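**Q** Sequence plus predicted model, see below.
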Amino acid sequence: MAINYAGGKKNPDLEAIQSELYADSKTLRDRVIDIQEGFKSGADVYESKVSVTMKAGSTDAVTADGSIGLNVQKTGVALKSIEYSDVIDDAVLFGTRFEKSMAAGAFNQVSSEFDKKVLIQVAPAIGEDLENHLWNGATTATKSAVAASTGLTASLKAAVAAMPTSEFDSIPVRALWNDSNSKVVAGAGVSDAVKLTGTTITSANIAAEYSKLYAGAPDKVINSTSSEPRIFAPLAHRQLIKIANNSVGAAQQINFLVEGSGANEKISYNGVAIEFHPLVNLTILTLPEYLKVLLDLSGDASYLEVDKMANGAQKRYLKNKQSIATWVTNQRYITIQG
């Protein structure tokens, strides 16, 4: 007999759920700069500097004349408490593929498939966002102070103004503006970093701009034997470097050394390794230990608490909490180009 059917047909689900691509968050994972842990609310950062003056030899008793200066400064750095948190209403998943993995019973509406394939992405998303804030962001107060400053160029002030408003100041902002007691002029204000004026980077001028950055850095940094200098550059520079290296024509030059590929790829300029991070319109050359992140515990970045809400509510909360601050030391040996 004939079959009569009215209504739509249900299509089968694709087995895989296509997930978002999350940017690499390597600052805390790979410790490409100085990561210091064990702080709840604040930390004291010490810097020292010794100065000596040569004088004629003598057989007389040594007298105090100030020809050897032993200088130590302490700066208190307050950490900022931040969190990522929200509430999950699992009932929204009724009528979807995720309903199949919910246990029987009206009280059971948590989908194991949802947790394994969707909720699991919260941690990498937090890692990506934190990485972005470490390298690009400023508090409302710092933005106002920088805007009113007369000690920074218009381009550097514009770079800070264009940054997203954050709960804490990013590393490049600390390199431009901070309240260190170890500066020539102690207290809140413009940093002692070497500040260079650059321009919008393209594949055509990236080699010339890196040349300015390299030449403008203190020679003690470039020639350091105790530590290797690094260039901290925007992520987009990786593409521009490769385009520049592979330009077609008589003017072609290999200005950057590119070794390996994929996760093992290493790029350098004049022997200085380049680290790529989510900086925007700013490039830094310094010794990596002068750039610091102060934390309670680095593992806090990947810890996510998920539990039921109180008082019988059939919802769950998720929460990640951290204490964090960025800082810079030996500012006169940090070169920042904007």
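**A** Now that the structure is in, tell me what you want to look at. Residues are numbered from 1 along each chain as shown.
**Q** contacts, neighbours, all on C-alpha from now
**A** OK.
**Q** Quick check: buried residues in the helix or strand F232 falls within?
**A** When elements are assigned from DSSP states H and E, F232 belongs to strand 230-234. Using 16 or more other Cα atoms under 10 Å as the burial criterion, the residues of strand 230-234 that qualify are R230, I231, F232, A233, P234.
**Q** what pairs with that strand, and is each one parallel or antiparallel?
**A** Here strand 230-234 is paired, per DSSP bridges, with strand 272-277 (parallel), strand 283-286 (antiparallel).
**Q** How many residues are close by S144?
**A** Neighbourhood size, S144 [other Cα atoms under 10 Å]: 13.
**Q** before we move on, what about T63?
**A** Using other Cα under 10 Å: T63 sits among 7 other residues.
**Q** same question, V118
**A** 14.
**Q** same question, the one 4 residues further on
**A** Neighbouring residues of V122 were enumerated by other Cα under 10 Å; the total is 15.
**Q** is it fair to say K55 lies in a helix?
**A** No: assessed with DSSP: H, G, I helix; E, B strand; the rest coil, K55 is coil; it does not lie in a helix.
**Q** Next up, phi/psi of it, please.
**A** Phi and psi for K55, reported as degrees, to the nearest 10, are phi -150, psi 170.
**Q** The one 5 residues further on too?
**A** In this entry, D60 is assigned phi and psi values of phi -80, psi 170 (degrees, to the nearest 10).
**Q** try K116
**A** Backbone torsions of K116, given as degrees, to the nearest 10, read phi -80, psi -30.
**Q** quick one: it and N205, what's the gap?
**A** Using Cα to Cα, to the nearest Å, we find K116 at a distance of 46 Å from N205.
**Q** Next, D169: secondary structure please.
**A** Three-state assignment for D169 (three-state DSSP): coil.
**Q** any idea how far it is from K195?
**A** Separation of D169 from K195 (Cα to Cα): 18 Å.
**Q** quick one: which of these two has more around it?
**A** Using other Cα under 10 Å as the criterion, D169 and K195 rank with D169 on top: 27 against 22.
**Q** is it true that that one touches K143?
**A** No: using Cα atoms under 8 Å as the test, D169 is too far from K143 to be in contact (9.4 Å).
**Q** Make JSON lines from the strands paired with strand 230-234 and add mean pLDDT, mean neighbour count and distance to S101 to it.
**A** Formatted as JSON lines, the strands paired with strand 230-234 follow (pLDDT from 0 to 100; neighbours: other Cα atoms under 10 Å; distance: least, Cα to Cα, whole Å):
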{"stretch": "strand 272-277", "mean pLDDT": "97", "mean neighbour count": "19", "distance to S101": "39"}
{"stretch": "strand 283-286", "mean pLDDT": "98", "mean neighbour count": "26", "distance to S101": "49"}
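**Q** mind listing the strands for the stretch 51-200 of the chain?
**A** 68-78, 80-88, 177-178, 189-190, 194-196 (DSSP state E, counting those that start in this stretch).
**Q** Quickly compare the ones you listed and say which is most buried.
**A** Neighbour counts (mean count of other Cα atoms under 10 Å) averaged over each of the strands of the stretch 51-200 of the chain peak at strand 177-178, with a mean of 22.
**Q** That one packs against which elements?
**A** If contacts are counted by 3 or more Cα pairs under 8 Å, 6 or more residues apart in numbering; DSSP states H and E, strand 177-178 sits against strand 189-190.
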